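Student: pasting the sequence and the predicted model now:
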Amino acid sequence: MYRAHGFIASLFLAAALVAPMSIMAAPVPQQVGVQVKLYDKAHNDYHAYDDNEKQVYTQFRVTHKTYNEDLTKETPKHQAVYFNYRHAHPDNK
């Protein structure tokens, strides 16, 4: 009888020791939405080219009609102009 209690107690102890390790080993889900980051040389920072940035870039292109539809395919000079615009007009979050 005491052996059965000792065996059950050791199982609970083993489970209590293994559970935190299995939780720590679980992979952390990656952030969804950020696919591309563009480097801004003038300001030494990165701009995440996500859905919000695409929307702002579309609004920016209303006044800059010669710019490419996709910022990632834009020339470095045009990217720099856009990054200056973004630093002058940050998001209101």
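Tutor: That came through fine.
Student: need the helices for this structure, in chain order.
Tutor: 2-24, 51-60, 76-88 (DSSP state H).
Student: tabulate these in JSON lines, adding columns for distance to Lys37, mean neighbour count and mean pLDDT.
Tutor: The C-beta positions use only the backbone N, C-alpha and C, and glycine is treated the same way. Formatted as JSON lines, the helices of the chain follow (distance: least, CB to CB, whole Å; neighbours: other CB atoms under 10 Å; pLDDT from 0 to 100):
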{"stretch": "helix 2-24", "distance to Lys37": "28", "mean neighbour count": "9", "mean pLDDT": "75"}
{"stretch": "helix 51-60", "distance to Lys37": "10", "mean neighbour count": "14", "mean pLDDT": "92"}
{"stretch": "helix 76-88", "distance to Lys37": "12", "mean neighbour count": "14", "mean pLDDT": "94"}
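Student: which one of the ones you listed lies nearest to Tyr67?
Tutor: Tyr67 sits nearest to helix 76-88 of all the helices of the chain, at 5.5 Å, using CB to CB.
Student: may I have the closest one exported as CSV, CA atoms only?
Tutor: Extracted in CSV, the C-alpha atoms of helix 76-88 (Å, rounded to 0.1, in the frame of the first residue of the first chain):
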residue,chain,number,x,y,z
PRO,A,76,16.5,54.5,-53.6
LYS,A,77,16.0,58.2,-54.3
HIS,A,78,12.2,57.9,-54.3
GLN,A,79,12.3,55.7,-51.2
ALA,A,80,14.3,58.4,-49.4
VAL,A,81,11.7,61.0,-50.4
TYR,A,82,9.0,58.8,-49.1
PHE,A,83,10.9,58.1,-45.8
ASN,A,84,11.3,61.8,-45.3
TYR,A,85,7.6,62.2,-45.8
ARG,A,86,6.9,59.4,-43.2
HIS,A,87,9.1,61.0,-40.6
ALA,A,88,7.3,64.3,-41.2
